[in-house]
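[1] no FASTA, just this:
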């Protein structure tokens, strides 16, 4: 389930598990996590992209609590997405 930052508490250091670079991809990841019952946080942020001409782009950054990191990686891998390690 998609959660707000305060749901996880101030003392929890969330783990970045995936960066979606397109809206369609972000919506697919949200569906995967929600259907699996996984609590996650998604926030827009910038990343560097491009090979020849480096640019700043905006993506959807997906975070989970540390105890759910393995589960999130398994969900992403089953759906053929490459999780961040």
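    It's in. Computed from a predicted model, the values in this text were never measured in an experiment. Residues are numbered from 1 along each chain as shown.
[2] Over to residue 75: give its phi and psi.
    With angles defined as degrees, to the nearest 10, residue 75 sits at phi -60, psi -50.
[3] correct me, but it touches residue 38?
    Yes. With contact defined as Cβ atoms under 8 Å, residue 75 counts as touching residue 38 (6.6 Å). Where C-beta positions appear, they are placed from N, C-alpha and C, glycine not excepted.
[4] neighbour-wise, which of these two wins?
    Using other Cβ atoms under 10 Å as the criterion, residue 75 and residue 38 rank with residue 75 on top: 22 against 19.
[5] wait, what's in contact with that one?
    The neighbours of residue 75, taking Cβ atoms under 8 Å, 6 or more residues apart in numbering as the test, are 32-33, 36, 38.
[6] can you pick the most crowded of these?
    Per-residue neighbour counts (other Cβ under 10 Å) across the contacts of residue 75 peak at residue 33, which has 24 neighbours.
[7] Okay, and the beta partners of the closest residue to that residue other than its chain neighbours?
    Leaving aside its chain neighbours, residue 33 sits nearest to residue 40 (4.8 Å; criterion: Cβ to Cβ, 6 or more residues apart in numbering). Here residue 40 sits in beta bridges with residue 2, going by DSSP bridges.
[8] And residue 40, how close does it get to residue 78?
    Summarising the geometry, the distance separating residue 40 from residue 78, computed by Cβ to Cβ, to the nearest Å, is 16 Å.
[9] Of these two, give the one with the bigger neighbour count.
    Each of residue 40 and residue 78 had its neighbours counted (other Cβ under 10 Å), and the higher figure belongs to residue 40 (24 against 10).
[10] That one is in contact with residue 60, isn't it?
    No. In terms of Cβ under 8 Å, residue 40 does not count as a neighbour of residue 60; the distance is 10.7 Å.
[11] can you map out the helices along the protein?
    With helices called from DSSP state H, the chain shows them at 5-8, 23-35, 69-78.
[12] ok, and what's touching the second one?
    Contacts to helix 23-35, defined as Cβ under 8 Å, 6+ apart, come from residues 1-2, 18, 20, 40, 42, 59-60, 62, 72, 75-76, 79, 81.
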